[in-house]
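> Here's my sequence, what's the structure:
(one chain, ligands or ions: 1)
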Amino acid sequence: MEKVVLILDADDTLWENNIFYEEATDAFAERMTREGFDPQRARGTLARVEHERVPIYGYAPQEFARSMALAYRQLCRESGRVPQPDVEAEVEAIGNRVIEYPIILLDGVAETVAALSRHCRLFLLTKGDPEIQRGKVERSGLAPYFEAVHIVPEKGPDVLQGLLVSHNLAPQRTWMIGNSPRSDINPALAVGIGAIHIPYHRPWSFEEVPIADPERVVTLHRFSDLLKLFPPPEDTP
Ligand SMILES: [Mg+2]
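Numbering: from 1, shown residues only. The predicted structure is shown next:
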């Protein structure tokens with residue numbers, strides 16, 4: 001029998017990611033408070049700058065740091081103040097903390113990925129800076145379980161369609177698994193493959209769009225439940 005194909009997202013599905021961005025955002029808000037800015041306004045300004053810049057500059061962590069520096073400038077501009085180069089450098093350093101964070105695998109990921117790899121074809125699909133994402137995959141120790149790792153600037157139906165064609169995958173046996181409605185679930189629904197949503201405990205607002213067709217989505221709250229959906233052949237009655 002043909003194997004089931006699972007395409008897995010990485011950040012916030014296999015390992016912690018957004019918590020490091022949240023920590024840096026907290027540090028930014030705290031630093032801005034010391035400059036006399038309202039912390040909520042600082043957070044709001046950063047979120048707006050990020051949402052404007054991501055579609056143009058992508059998801060590289062260096063761009064997150066740049067967005068922080070630009071948010072500081074904007075806060076200054078709005079209050080008629082002159083941005084201070086030393087503060088700007090400090091802010092950019094806070095943002096740069098997310099460049100090489102430690103890989104903390106989410107609960108059950110290591111065992112489940114290893115077990116699934118014995119009877120499923122596994123692919124990893126992640127978006128972002130190629131070098132940064134490649135480093136995270138390497139440090140995760142999970143690379144050997146994947147038939148291929150794809151790092152793309154942005155995930156959409158076209159990318160999934162490309163994978164189906166290039167690896168000759170049958171849509172009816174292929175599932176996309178991820179935390180993001182915007183980047184994982186809706187693209188999967190658009191190309192007609194299975195969609196498994198595993199929500200992340202601290203989601204990034206940018207990824208949280210409405211799910212196009214919730215009836216077609218399987219939601220799991222534990223990564224290890226994938227083994228119940230896709231049990232090893234000997235467990236199948
Ligand atoms: Mg993700």
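> check whether stretch 117-136 contacts the ion.
No - on the criterion C-beta under 5 Å from the ion, stretch 117-136 is out of touch with the ion, staying 7.6 Å away. The way it works is simple: take the backbone N, C-alpha and C, and place the C-beta from them, glycine included.
> what residue ranges in the protein score low on pLDDT?
By pLDDT under 70, the low-scoring segments of the chain are 235-237.
> can you give me the helices for it?
In the chain, the helices defined using DSSP state H lie at 18-34, 39-57, 61-78, 85-96, 109-116, 130-140, 157-166, 186-191, 226-229.
> Name the stretch among these that sits most buried.
helix 186-191 (a mean of 21; mean count of other C-beta atoms under 10 Å).
> Identify all contacting residues around that one.
Applying C-beta atoms under 8 Å, 6 or more residues apart in numbering, the external contacts of helix 186-191 come out as 155-157, 159-161, 164, 171, 175-176, 194-195, 209, 211-213, 216-217.
> count of neighbours near the closest residue to Arg139 other than its chain neighbours?
Of all residues not flanking Arg139 in the chain, Ile103 sits nearest, at 4.6 Å (C-beta to C-beta, 6 or more residues apart in numbering). Using other C-beta atoms under 10 Å, Ile103 has 18 other residues around it.
> just Trp175 next, same as before
By the criterion of other C-beta under 10 Å, Trp175 has 20 neighbours.
> My guess is it contacts Lys3. True?
No - applying C-beta atoms under 8 Å, one finds Trp175 not in contact with Lys3, separated by 11.8 Å.
> Quick check: Asn96 vs the ion, distance?
Per C-beta to the ion, to the nearest Å, Asn96 is found 21 Å from the ion.
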